[in-house]
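Enquirer: quick one, fold the following:
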Amino acid sequence: MASRLSTLARVALVAFAAWAALRFVTSASLGVTALRDAAPYGYVVVALVAATRTVRRRPAMQAFGSALVLHALWVLVARYLPLPAWLPTLGRTRVFEIRNDFDGTVCGLTAVWFLYLAIARHRGPRVRAALLVAAAVNAVLVMTLLSRAGLVAMLAAAAAVAACSVPKVVRRARASGLNTVVLSAAAVAVVVVGGAVVLGTGTGERLRSTFDLSQNGSAEGGVASAGGTSRARLQAYRYVTDYAFDSPGRAAFGVGFGPDYLTESGAAAILEGTTFTGVRAPHNFVLGTLARLGLVGVALQLLLVVVSTACAATALRKRSGSEVEAVLVLSLLVALPVAGLFGVIMESPFGAIPWFWAAGRAVWLVRRERAVVSPARRLAARQQR
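Expert: Numbering: from 1, shown residues only. Down below sits the predicted model:
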């Protein structure tokens, strides 16, 4: 199973990279705009390198942990203290300004990873307490940023990690003499109580309001306008979809890189509202890929998402030696695409680069699993003879 997954994931990586490159060189315009549109897909090179390059796991994970702690501290400061007016701007964004969707997603996957490290590894009480505090702080930040994308991404990552960890937890519980029925009941109670608490927060209320499409609103606003935001985005998505399926060739192969399909479809006027201008992504990475690369690109990208996630899940279930990295990789692979269904995440370098890195590392972990497990299986087969 691991060998087939590894092979399929490598094929998906190469095929997606080749299709994106082909659509780039066959685009009507090869100027700076086309290069900028193609950049989110060009980051697949990061995955190709990560899938074949061995790294020292402990220093890499320590670097990731330190970076995530610094990110949480930055979000805390930027969230609760006014940014100085003299800070420079990068385009329309000031330096150190929070992007709620992306930063909420990072805080969410940080909370999941640190919580796993605290409860699933043998650590001293001080380290365990520090990890639990860090996880709690990041979870609270997700709640206070009022980002539906961040909340859903955190819950999705937590569900994926929990599902892959169930066999290990059950085995350890039985080895410790714990009653699995009681353990299951406690887990259900935690989920129910946690869900009730989450839905009672401002972010939870905003998530519930998403499904109230009767509200009027634009693509901006707080809790009260969440339903209006959803209504506006669904309308924009319909415009993009109609544009993409306007002709068989466009539906199959996309418009390539360079054309401003949001403006041509009429979706830009809805998504830009009164604050944003020059928007070139529809706040949904699947629709963006459909417009740029057509159904062929969507199929290859979704195949890569599914297969790389399956690789990370397989590595987490089977190997205890790489579980720290596997949990981080799985959280990235799940959280970023989920958030990318609600915002401009996968189209930006700070979302695309970590995701493609995680996809490549997932392939490497499964290949490593095959290299470690296969000799053991051969030895067992010889002993049976």
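Enquirer: C-alpha from now on. contacts and neighbour counts both.
Expert: Noted.
Enquirer: residues contacting Phe257?
Expert: Shown in contact with Phe257 (Cα atoms under 8 Å, 6 or more residues apart in numbering): Arg23, Phe24, Ser27, Ala28, Ser29, Leu30, Thr33, Ala34, Leu35, Asp37, Ala38, Arg292.
Enquirer: of the residues you listed, which is the most crowded?
Expert: Arg292 (29 neighbours; other Cα atoms under 10 Å).
Enquirer: secondary structure element for that residue, which one?
Expert: Using DSSP states H and E, Arg292 falls within helix 285-318.
Enquirer: which other helices and strands does that helix contact?
Expert: Packing contacts for helix 285-318, counted by 3 or more Cα pairs under 8 Å, 6 or more residues apart in numbering; DSSP states H and E, involve helix 2-25, helix 148-175, helix 226-244, helix 248-253, helix 323-340, helix 349-384.
Enquirer: from memory His283 sits against Phe342, does it?
Expert: Yes - taking Cα atoms under 8 Å as the definition, His283 is a contact partner of Phe342 at 5.6 Å.
Enquirer: nearest residue to Ala17 other than its sequence neighbours?
Expert: Nearest residue to Ala17 in three dimensions, chain neighbours excluded: Val44, at 6.2 Å (Cα to Cα, 6 or more residues apart in numbering).
Enquirer: ok, that neighbour to Leu146 distance?
Expert: 31 Å (Cα to Cα, to the nearest Å).
Enquirer: do the same with Glu325
Expert: Distance from Glu325 to Leu146, counting by Cα to Cα: 29 Å.
Enquirer: would you confirm that Gly150 contacts Arg99?
Expert: No - Gly150 lies out of contact with Arg99 (Cα under 8 Å); the separation is 10.6 Å.
Enquirer: quick one: which of the two has more around it?
Expert: Neighbour tally, Gly150 and Arg99, criterion other Cα under 10 Å: the higher count belongs to Gly150, 33 against 13.
Enquirer: residue contacts, the more buried one?
Expert: Asn100, Asp101, Phe102, Asp103, Gly104, Thr105, Val106, Cys107, Gly108, Val142, Ala339.
Enquirer: one more pass at 7 Å, please.
Expert: Neighbouring residues of Gly150 by Cα atoms under 7 Å, 6 or more residues apart in numbering: Asp101, Phe102, Gly104, Thr105, Gly108, Val142, Ala339.
Enquirer: who are the packing partners of the helix or strand that contains the fifth one?
Expert: Right, Gly108. Gly108 belongs to helix 100-120 when assigned by DSSP H and E. With contacts taken as 3 or more Cα pairs under 7 Å, 6 or more residues apart in numbering; DSSP states H and E, helix 100-120 sits against helix 125-144, helix 148-175, helix 323-340.
Enquirer: lovely, talk soon.
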